[in-house]
Structure formats: C-alpha cells, structure tokens
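Asker: no sequence on this one, just coordinates:
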C-alpha cells in the first residue's frame, strides 16, 4: 500500500558545530566505516576536531566541522594533511593510547590519508574550489530535519581545477608527494582492452542493482553500500572479484567462487572469483546480490 502525503519535512538545523560534531562522532562508524579515535586532538598549535582511522586502507581520517560559511576549506585541508605528515609519530601514539594498540609509523599507509569536512551548507565558492577529483579533501553535507531525520550526502568531485595561490600550491605539492588519490583510470591503465571492456560491463551491471558508490582504492576498486559489497582487482588479462561475505554464508550453486578466508588478499570478504570473459558475468551477479543484501545502504 502506498500512502500519499503533501507534508513537507521542515529542516531543523544543528544549533552549532559542537552539536553537529557530537552527532557525527557518535555515528562515525556507520557513516564512514571508520574507527573513532579522538575528539579535539591537539597537535602543536592545531586542534583537530575529530580523528578517525580507516582499517580497510590503514590510514587516518581528519574530520573538521563547519556550521558556518567558510571560504578556505582547501587551504585548511592541505595545512592539516601537511601537519599530519610532519608529525606522524603524534598520530600513531594517539591511536595506540586510545585503542591500546602497538602500531608503528610503518604500519600506516600515509598515502591514503584524507581530510573530511562536514557541514550542513557549502557555498558555491567552496564547491567550485573543491570540484576536482585528484585532491585528498572530501566534503560531506549533513542536513537535519524534524523527527530526527538526518540526510547525509557525499559530495562528488568530477573535474580538475588548479589552485592559483602560490603559497598554497607549495603546500599542496608537499602533500601530494606522499598522499595519492587513486582513480578508476589508474587501475584500468594496466588492463588489456578486453579486460577494460569486461570491467565496464560488470560495473554497469552492479550499478543497476541499487544505490551503489564506487571508490578507487590503492589496490582495488570498491563498490560500496553501507559497507563494501564487492571489490574488483584489475589485472592485465583478468579481474578478481571479491564478495564481501563471511565463510559459509555464500550460496554458490555453481561453485565458481574460491574460499580465501585463510589466504592473504587485498579485497574484502572470504570469497574470490576470477573472470576473463563476458560469459562469466551473469553467473557472478547473483553472488554480488547476496552481498548487497547485507551491505546495502
């Protein structure tokens, strides 16, 4: 039964940055899939709003909250990332203190570091200034409505824009020597034309299933709902498809997947399928659908 209503949800803004920060920190694992490490973390003369850690990429996430219009997000983002790269030991020490762990600097993939800005509003200037996909700065828009309904949007970055400020360009270059933003093209460059075509076909099939995001990681391309649904590792003459389900939970009547629960691998999940031709796609989609069911948004 479908009920129609003319009622329009009224926006009920966060009172201030602190209220926004409290909400985000309490839900950081659900929103980002990251482990919350610390709030108001002080490093030198800087105070970082929230610090989180992405277990998948073994890298830190610096999170800053903006409940007011601010015109210097890119500048601040690169400044904080440069700070982290210069003070790696402080970040690792804080992680170890908060999680009672014993990571070393070498255990962290600093190339995957990111800064994330969270705000209920962004100006056209901010969106234009960050509308390029090769910088390690992400924007999340959080809108609160009545009845405690929260809408979270990850703002897409699609083009390349060169920063004109000379001083900031120098900081950017320092950070970009160590921090890398990967793209689908980076992975596809190593593939044959046949595998590129095969990837595009299976990608389109996956995206037709639901609201699924694509994120290029260092070693694979992730297709994500609330968590990774499937990861694709691209090789010259084959694709490795990882199904993010635990051993013993995948219904695979054709027995086309391999149990990799006891084998070191890059993608998420305990199952892997290797394909090299179009005929394999229709057999894989039902397995991906099972992962989608438990990992969807």
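Answerer: Done, it's in. Computed from a predicted model, the values in this text were never measured in an experiment.
Asker: how about low-confidence regions in the stretch 101-250 of the chain?
Answerer: Counting by pLDDT under 70, the stretch 101-250 of the chain has low-confidence residues at 125-133, 157-168.
Asker: now the helices for it?
Answerer: Per DSSP state H, counting those that start in this stretch, the stretch 101-250 of the chain carries helices over the ranges 124-129, 166-176, 184-188, 193-207.
Asker: Show me what the shortest one is packed up against.
Answerer: Packed against helix 184-188, as judged by 3 or more CB pairs under 8 Å, 6 or more residues apart in numbering; DSSP states H and E, are the following elements: strand 213-216. For glycine as for every other residue, the C-beta is placed from the backbone atoms N, C-alpha and C.
Asker: helices or strands next to the strand it packs on in the packing?
Answerer: Strand 213-216 is packed against helix 184-188, strand 221-224, with contacts defined by 3+ CB pairs under 8 Å, 6+ apart.
Asker: Reformat those as CSV; add distance to residue 79 and mean neighbour count.
Answerer: As requested, those are exported to CSV (distance: least, CB to CB, whole Å; neighbours: other CB atoms under 10 Å):
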stretch, distance to residue 79, mean neighbour count
helix 184-188, 26, 15
strand 221-224, 28, 23
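Asker: Would you map out the domains in this protein?
Answerer: Domain assignment of the chain by automatic domain parsing yields the ranges 17-176, 184-295.
Asker: between the helices and strands packed on strand 213-216, which gets nearest to residue 94?
Answerer: Comparing the helices and strands packed on strand 213-216 by their distance to residue 94 (CB to CB), the top pick is strand 221-224, with 26.8 Å.
Asker: what does that closest one contact?
Answerer: Residues from elsewhere that reach strand 221-224, judged by CB atoms under 8 Å, 6 or more residues apart in numbering: 184, 187, 203, 206-207, 212-216, 228-232, 234, 268, 295.
Asker: cool, stretch 48-57 as well?
Answerer: The contact list for stretch 48-57 (CB under 8 Å, 6+ apart) reads 17, 21, 24-25, 28, 32-42, 59-65, 80, 91, 94-95, 109, 112, 114, 217-218, 228, 268.
Asker: In helices only, show me those.
Answerer: Mapping those onto helices (DSSP state H) picks out 17, 21, 24-25, 28, 32, 80, 91, 94-95.
Asker: As a check, name the ranges of all strands in the stretch 51-200 of the chain.
Answerer: Along the stretch 51-200 of the chain, counting by DSSP state E, counting those that start in this stretch, strands occupy 59-65, 114-119, 137-145, 149-154.
Asker: could I get those as CSV with distance to residue 175 and mean neighbour count?
Answerer: Output for these, formatted as CSV (distance: least, CB to CB, whole Å; neighbours: other CB under 10 Å):
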stretch, distance to residue 175, mean neighbour count
strand 59-65, 12, 23
strand 114-119, 10, 24
strand 137-145, 10, 18
strand 149-154, 21, 12
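Asker: which one of those lies closest to residue 238?
Answerer: Of these, the one closest to residue 238 (CB to CB) turns out to be strand 59-65, at 27.6 Å.
Asker: The closest one vs strand 114-119, what angle?
Answerer: With axes from the mean of the first three to the mean of the last three CA atoms, to 10 degrees defining the directions, strand 59-65 sits at 20 degrees from strand 114-119.
Asker: Sheet partners, orientation included, of strand 59-65?
Answerer: Strand 59-65 has the following sheet partners, assigned by DSSP bridges: strand 46-54 (antiparallel), strand 114-119 (parallel).
Asker: Can you say which of those strands is nearest to residue 169?
Answerer: Set against residue 169 and scored by CB to CB, the strands paired with strand 59-65 come closest in strand 114-119, at 17.3 Å.
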